[in-house]
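J.: Structure, please.
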Amino acid sequence: MNMATEYIIKDEIEKERTPSELQSWLSQKVENICSTQEGLKAFRLQKGLLKKLTEEISPLAKFGEHKFGNTNQVLLKPVMGNQRYDAIVIDKRTEPATETYIEVTQAHEGKNDYCRRRELFNKSYSFAKAPVIKTGKGKNIQVSIPPEATPVEEGVENELKRIVVAAEKKAGKDYPTNTSLIISFDDAELSEKRLEELSYPTIDDFVKKELLPLDLRFSHLYLAGKANKVFREYLITKQD
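T.: Numbers count the residues shown, from 1 in each chain. Presented below is the predicted three-dimensional model:
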């Protein structure tokens, strides 16, 4: 077993849990992993299956918390593999129980996100709002993150664009009936309060204008903020 997988295994990830159990397990698991220097490095660099925790399990846990609360009649089951969904929602509040599906995607910086995490591990700090500057090519590429802040307006615009790009990547693709899409984004950068301060449209207005007109073949769209400040649900009515 290599270092990338010894912190977590597939069966552990795919276990059915209630929303509160999933959140509790995730918090404890991350704390345990990060309790050693080796584990902290693996987690920050998202080695192997650890990437699943931050990119899929964390948004799923936030979805479960907001959508279902403390009920023990709903189970969330992450699923690994090449199927067109990342989790199954088993709802026992109805008779018979129903199963729906969740697809999770990230609104992030792509490779720049990895650069920031690597900088955080190497230096124990990273300027989250600073530009990522790359020089050189191929294996000789050098990355620097200077201690300068991105203007607030630019940060908001960047995050809005990332959400649109994340949605566009899922547009035009077929998914099983009753599949919902969760877009995880940085709500520390993009919050309702900040939009109001900048006289920007609300999150709801942004979604109605930029996201809902896309060919999203899902039953629902959810925006789940990583800082847990923003959670939104939208019905997509054009799914057959």
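J.: Could you say whether Thr150 sits in a helix, a strand or coil?
T.: coil (DSSP: H, G, I helix; E, B strand; the rest coil).
J.: Just give the number of residues close to it.
T.: Thr150 has 16 neighbours, counted by other Cβ atoms under 10 Å. Every C-beta, even on glycine, is put in place using the N, C-alpha and C of the backbone.
J.: What of Ala167?
T.: Per other Cβ under 10 Å, the neighbour tally for Ala167 reads 22.
J.: Asp174 too?
T.: Residues near Asp174, counting by other Cβ under 10 Å, number 8.
J.: got a list of what it touches?
T.: By Cβ atoms under 8 Å, 6 or more residues apart in numbering, Asp174 lies in contact with 84, 217.
J.: From Pro59, how far off is His108?
T.: Applying Cβ to Cβ, to the nearest Å, the value for His108 to Pro59 is 12 Å.
J.: Looking at those two, which is more packed in?
T.: Legend: neighbour count by other Cβ under 10 Å for His108 and Pro59, higher for Pro59 (25 against 20).
J.: contacting residues around the lengthiest strand in the chain?
T.: In the chain, with assignment by DSSP state E, the single longest strand is strand 98-106. Contacts to strand 98-106, defined as Cβ under 8 Å, 6+ apart, come from residues 55-56, 59-60, 63, 84-91, 166-167, 169-170, 175-176, 178-185, 218-219.
J.: and if we set it to 6 Å?
T.: For strand 98-106, the external contacting residues (Cβ atoms under 6 Å, 6 or more residues apart in numbering) are 55-56, 59, 85-91, 166, 176, 178-184.
J.: And for stretch 73-80?
T.: Residues from elsewhere that reach stretch 73-80 (Cβ under 6 Å, 6+ apart): 10, 13-14, 16-17, 22, 57, 60, 64, 68, 87-88, 90-93.
J.: Buried residues, it. List them.
T.: 74-78 (16 or more other Cβ atoms under 10 Å).
J.: Restricted to strands, list those residues.
T.: 74-78.
J.: for the residues you listed, which one is nearest Arg162?
T.: Nearest to Arg162 out of these is Pro78 (Cβ to Cβ; 23.4 Å).
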